[in-house]
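Peer 1: Build me a structure from this.
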Amino acid sequence: MALVIPANSYHPVTITAQVLEAGILMVRGCIVQAPGGAPREFVLPVSSEDEESKRSRGRSAIENEAGRSKHAGLDSRLWKKQEKRYSKANTPAQPTPMRFLECKVVPEQPFLRIRRTSLTHGALMLYNGEKSSIRITLENTSSLPIDFMRLTFDDSTIAPAQQALADGGLSVFDTYETEYDLIHKPVFTWDSKGSKQEIGPGEKTVVTVNCVGKVGCASGVVHVSYSYFHRPRTTLDQPSDIFHTRQLSYPVLVTVYHMLECHAMDILPYSPDSTFATTRDSQGDGSDTTTTKIGLIVDDITDWCIFSIEVRNTYGLPFEVTFERQQAGAQIRMIAVNWLTTCADTEPCLMTSVVPPGSMSRVLIPVQKFRLAEEHISRPIPTLSDRQFILTKSNLTSAEERTQQELFWYREELLKLVRGRWKEVPTTDTTRVLTDDATYGRDSANRDRKDPAIVMALQGRWIGTIFSAVQWRYLYASSQRFRLPTREGDESITFATDINDQSLG
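Peer 2: Numbering: from 1, shown residues only. The predicted structure follows:
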């Protein structure tokens with residue numbers, strides 16, 4: 001490399017080299033030759049922290065001695081002072097071996113690039129809770145095959161959640177929800193079992209990344225780590241457990257629209273007059289389906305309660321919201337105008353409502369009462385992370401912590417029974433209820449837990465309604481068992497009331 005260096009100046013030089021084999025590369029320095037002169041090697045050792053500290057102290061001592069003159073004549077020179085200072089030393093200091101810059105050279109790796117994606121300008125727009133996918137076409141442009149590939153993801157919601165967990169200011173309940181959201185509800189996922197892991201030289205493959213809209217997510221990154229792992233071995237030595245990979249990153253801009261909000265969730269005593277289910281009957285000629293509201297009748301109303309929730313649409317399009325209750329051993333009789341049927345144990349009970357823009361709809365669904373064992377509700381709220389010790393800043397008393405644990409475990413059991421989802425309704429006819437999710441291509445996942453769209457949180461008074469220590473049973477004295485009572489205006493109704501104490505005391 002030939003270059004011209006001006007007088008009294010510094011000139012940075014970048015030296016490139018190609019490594020011929022894997023191993024340890026040591027950089028000693030460089031060889032410089034001036035025109036007409038002999039080549040000279042400049043050794044550039046790497047100093048340790050102790051050596052740098054010793055040199056710094058030496059420079060400080062020289063600067064301090066520069067302004068002092070305790071010797072006359074030529075003896076006042078700095079090197080003469082150093083000779084006199086160390087003249088009485090018995091043993092000379094051992095020279096420190098020089099250390100040079102070393103780097104590890106790994107075997108040759110393949111090269112992967114992104115050929116195309118299904119996104120336009122790398123942007124993704126989703127509803128809150130909506131499922132979508134990104135198709136990324138990868139091409140192996142090297143002469144080596146790829147037999148290992150792994151996808152990892154990062155998004156803008158992970159760092160704030162991890163920081164909140166690290167600060168330790170969350171309650172035990174909020175800590176569990178934050179950890180559950182990080183572990184079980186990621187924005188990006190990839191099914192490695194159903195994807196191709198090997199890419200030959202010059203070949204292409206398509207990777208499908210699943211996405212779920214989450215409020216607060218503004219950006220994300222897809223990281224593709226790949227390597228050539230199963231190389232032919234030239235020796236019989238045991239292969240190392242460590243191998244090196246390359247990483248390819250693809251940034252994604254995410255926009256999530258918040259459209260559904262849930263309010264006033266409650267557990268109410270069962271009332272057959274206010275509980276209805278929605279059924280759909282398809283016409284034989286292939287025309288649109290018809291919707292019928294039917295009453296729900298149970299064998300004993302003391303064994304049931306009503307799950308109530310209000311869903312508000314804050315977006316400019318209508319959405320169909322469906323809540324599903326599937327409870328083993330729970331049978332409900334549905335009574336309509338001219339027929340009576342029974343829901344089997346394995347059939348889910350669906351409650352569907354179309355929520356217009358700017359409106360709020362109340363959804364009611366019956367849930368059979370249940371009671372958890374004392375050993376179950378006395379367990380502490382679990383921790384999903386690997387942290388072995390968590391310092392809680394809660395000032396709750398033992399009774400309040402007991403109530404919090406009880407609420408948590410009843411909430412977990414309720415979330416196993418009731419699930420919610422939504423679906424977009426076409427704007428051309430908002431009164432029509434959709435029956436096929438795949439027709440319009442926009443459908444949400446089953447949303448539960450602390451989802452902003454379908455949110456569920458228990459209140460203290462709900463527990464008494466769920467298992468109800470004192471049962472009140474109202475019977476219509478003048479009505480049949482499986483018929484809804486009908487009366488004219490100002491007509492009296494006779495009730496018979498049974499009280500059953502089911503408390504443990």
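Peer 1: quick one: low-confidence parts of the chain?
Peer 2: The model of the chain has pLDDT under 70 over residues 65-95, 272-299, 328-348, 386-394, 427-505.
Peer 1: which parts of the lengthiest strand in the chain are buried?
Peer 2: In the chain, assigned by DSSP state E, the strand with the most residues is strand 246-257. Neighbour counts over strand 246-257 (16 or more other C-beta atoms under 10 Å) mark 246, 248, 250, 252, 254, 256 as buried. C-betas here are computed from N, CA, C, even on glycine.
Peer 1: can you put these in JSON lines and add distance to residue 3?
Peer 2: Formatted as JSON lines, these follow (distance: C-beta to C-beta, whole Å):
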{"residue": "246", "distance to residue 3": "33"}
{"residue": "248", "distance to residue 3": "35"}
{"residue": "250", "distance to residue 3": "39"}
{"residue": "252", "distance to residue 3": "44"}
{"residue": "254", "distance to residue 3": "48"}
{"residue": "256", "distance to residue 3": "54"}
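Peer 1: all helices of the protein, in order?
Peer 2: Shown for the chain, the helices assigned by DSSP state H span residues 49-65, 78-85, 158-167, 172-184, 374-377, 398-417, 437-440, 460-467.
Peer 1: packing partners for the longest one?
Peer 2: By that I understand helix 398-417. Packing partners of helix 398-417 (3 or more C-beta pairs under 8 Å, 6 or more residues apart in numbering; DSSP states H and E): helix 172-184, helix 374-377, helix 460-467.
Peer 1: List the buried residues in the shortest one.
Peer 2: Spelled out, that is helix 374-377. By neighbour count on 16+ other C-beta under 10 Å, the buried set for helix 374-377 is residue 377.
Peer 1: Check what contacts it and list those residues.
Peer 2: 405, 406, 409, 410 (C-beta atoms under 8 Å, 6 or more residues apart in numbering).
Peer 1: Which of the residues you listed has the largest number of neighbours?
Peer 2: Most neighbours among these, by other C-beta atoms under 10 Å: residue 410, with 21 neighbours.
Peer 1: residue contacts, the closest residue in space to residue 218 that isn't next to it in sequence?
Peer 2: The shortest distance from residue 218 to any non-neighbouring residue, by C-beta to C-beta, 6 or more residues apart in numbering, is to residue 156 (4.8 Å). Counting by C-beta under 8 Å, 6+ apart, residue 156 touches 216, 217, 218, 219, 220, 254.
Peer 1: mind checking how far residue 156 is from residue 255?
Peer 2: 12 Å (C-beta to C-beta, to the nearest Å).
Peer 1: Common neighbours of the two, please.
Peer 2: Common neighbours of residue 156 and residue 255 (criterion: C-beta under 8 Å, 6+ apart): residue 218.
Peer 1: now, which of the contacts of residue 156 lie within strands?
Peer 2: Here DSSP E is the test, and the contacts of residue 156 give 219, 220, 254 as lying in strands.
Peer 1: Not counting sequence-adjacent ones, nearest residue to the second one?
Peer 2: Distances taken as C-beta to C-beta, 6+ apart place residue 155 nearest to residue 220, at 3.8 Å, with adjacent residues excluded.
Peer 1: what about that neighbour, how many neighbours?
Peer 2: Residue 155: 20 neighbours (other C-beta under 10 Å).
Peer 1: With the one 4 residues further on instead?
Peer 2: Neighbouring residues of residue 159 were enumerated by other C-beta under 10 Å; the total is 10.
Peer 1: Quick check: it vs residue 166, distance?
Peer 2: With the distance defined as C-beta to C-beta, residue 159 ends up 10 Å from residue 166.
Peer 1: tell me the domain ranges of this protein?
Peer 2: According to automatic domain parsing, the chain is divided into the following domains: 19-64+99-106, 112-230+245-257, 261-468.
Peer 1: Would you mind putting these into JSON lines with distance to residue 239 alongside?
Peer 2: Shown next, in JSON lines, are the domains of the chain (distance: least, C-beta to C-beta, whole Å):
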{"stretch": "domain 19-64+99-106", "distance to residue 239": "13"}
{"stretch": "domain 112-230+245-257", "distance to residue 239": "9"}
{"stretch": "domain 261-468", "distance to residue 239": "29"}
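Peer 1: I'd like the ones in strands among the contacts of residue 156 as a markdown table, with distance to residue 198 appended.
Peer 2: Output for the ones in strands among the contacts of residue 156, formatted as a markdown table (distance: C-beta to C-beta, whole Å):
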| residue | distance to residue 198 |
| --- | --- |
| 219 | 31 |
| 220 | 26 |
| 254 | 31 |
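Peer 1: How about residue 188: what's its closest non-neighbour residue?
Peer 2: In space, residue 188 is closest to residue 153, 3.8 Å off (C-beta to C-beta, 6+ apart).
Peer 1: meant to ask about residue 27, not that
Peer 2: Per C-beta to C-beta, 6+ apart, closest to residue 27 is residue 101, 4.3 Å.
Peer 1: got the contact list for the one you found?
Peer 2: Shown in contact with residue 101 (C-beta under 8 Å, 6+ apart): 26, 27, 44, 46.
Peer 1: Settle this for me: the first one is touching residue 105, isn't it.
Peer 2: It stands for residue 26. No - assessed by C-beta atoms under 8 Å, residue 26 is found out of contact with residue 105, at 10.7 Å.
Peer 1: Let me know how buried the closest residue to residue 5 other than its chain neighbours is, in neighbour terms.
Peer 2: Nearest non-adjacent residue to residue 5, counting by C-beta to C-beta, 6+ apart: residue 11, 4.6 Å away. Here the number of neighbours of residue 11 (other C-beta under 10 Å) works out to 8.
Peer 1: Check residue 424 too.
Peer 2: Neighbour number of residue 424 under other C-beta under 10 Å is 20.
Peer 1: That one bridge partners, please.
Peer 2: Using DSSP bridges, the bridge partners assigned to residue 424 are residue 319.
Peer 1: so it touches residue 316, yeah?
Peer 2: No - here residue 424 does not reach residue 316: they are 11.6 Å apart, not a contact under C-beta under 8 Å.
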